[in-house]
Structures are given as structure tokens and as C-alpha cells.
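S.K.: The sequence and its predicted three-dimensional model are supplied below.
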Amino acid sequence: MNDKYFEHISIAELAEGAGVSVGTFYRRFKDKNALIPLLYEDFGKELDAWVTELEVHNLVDKEKVFEFLIHETVQFIRKRSGVFRTLHLYARLYPGLVPENKMTARKKEFERIARWIEKQLFNGSASGQQAAKTNMWVFIAVDTLIEKTLYNNVTPALACNMEINEFALHLSQNLYNDYKETL
């Protein structure tokens, strides 16, 4: 999926890449979409490990919190862009392919990111308004970085002609400025 979109990969190519025959593939899977829950599960493990790694960082400089988070998020998305794009699209086009417990797990990982931000910025004790704003920051950061990183040449990312590194810097500065207004 690093070289070709999932929807353009044939069953024969998948079987060849796995070192099995097409018949063996069909004995295990109904169709190509049957791989989506497995991809989602593997991706979830990687996301969980990434969030766990993020959680061990304690940043002294509050101004660097969003810059660090945005940079790390861009790197995470870029490294897994083929799988990430596939899961991102398929979760929207075919929501029944992704089990509800996996969606709940993703929500918890986003909540963990928000709690990490609160730990960095508010010493772990955010007020109700600060916690709500932190959840919004996570949504803004993740959603805009997915759009800009995975779909840079289509709308809405096309509306911003900055390259991803410049975009990430401006995004982190804007989120930090919003944080300063929260105090």
C-alpha cells in the first residue's frame, strides 16, 4: 500500500505479496474488504504504541507542546500513509467493516492524547472548559494533519498551499496561541 492504493490492488497481487495462491486467499477471506478489520487491528496496535511513547515525554517548555505533538503526528501519519489512507477512507465508506470495539479503542487513544496535552499544559488538572478545549485541539490537529498529509492535492487541503512542515509549524503556533487565551 506504499506504492499503490488498496482499492487498486488486485487479489492476485495481494496473494503474491503474501506468498500464497489466490485460492488460499479465498479460503481465508471472502474478499479484499475482509482484510480491513485486520489492518485496522494492526494499525490500532501501532497507534497505541505511539501514544504510549508520546505519554512518556514531559515537556518543560509549554510553547513546545503543540510543536512536538504536531511534528510527531505528521511523522506517524507519513510513515504509515498507505495503510492510514486506506483505513481512513474505508472507515467512512464502509463503517460496518470496522468493529465498534475498534472505534471505541480509537476514541480512547484520542482521549489519551488530550490527557497528555493537559498534563503538559495544565499540570494534569484541566478545568471543564480547558478539557473541552483540549479535546477540540486534538480533533483540529489530527483532522487537519490527516487532510494535509494524506490528501494534500485535493480539497480542502488544496486551499492551503503551504508544504506540510510550514503548515505544521503554523498549526502548532495557532494552537499554542489559543492555549494562551485559555489561561
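M.R.: Thanks, I have it.

S.K.: Show me where the protein has its helices.
M.R.: 11-18, 22-28, 36-55, 65-79, 81-93, 100-122, 128-150, 164-182 (DSSP state H).

S.K.: Tell me which of those sits nearest to residue 1.
M.R.: Residue 1 lies closest to helix 81-93 among those, at 3.2 Å (C-beta to C-beta). Quick note: C-beta positions are derived from backbone N, CA and C, even for glycine.

S.K.: domains of the chain?
M.R.: Domain assignment for the chain by automatic domain parsing gives 1-30, 35-182.

S.K.: and those domains, which is most packed in?
M.R.: Most buried of the domains of the chain, by mean neighbour count (mean count of other C-beta atoms under 10 Å): domain 35-182, with a mean of 15.

S.K.: distance between the ends of it?
M.R.: 44 Å (C-alpha to C-alpha, to the nearest Å).

S.K.: Surely residue 44 and residue 102 touch.
M.R.: Yes - the criterion here is C-beta atoms under 8 Å, and residue 44 meets it with residue 102 at 6.1 Å.

S.K.: Can you pull the residues that touch both of the two?
M.R.: Contact criterion C-beta atoms under 8 Å, 6 or more residues apart in numbering; no residue bridges residue 44 and residue 102 by contacting each.
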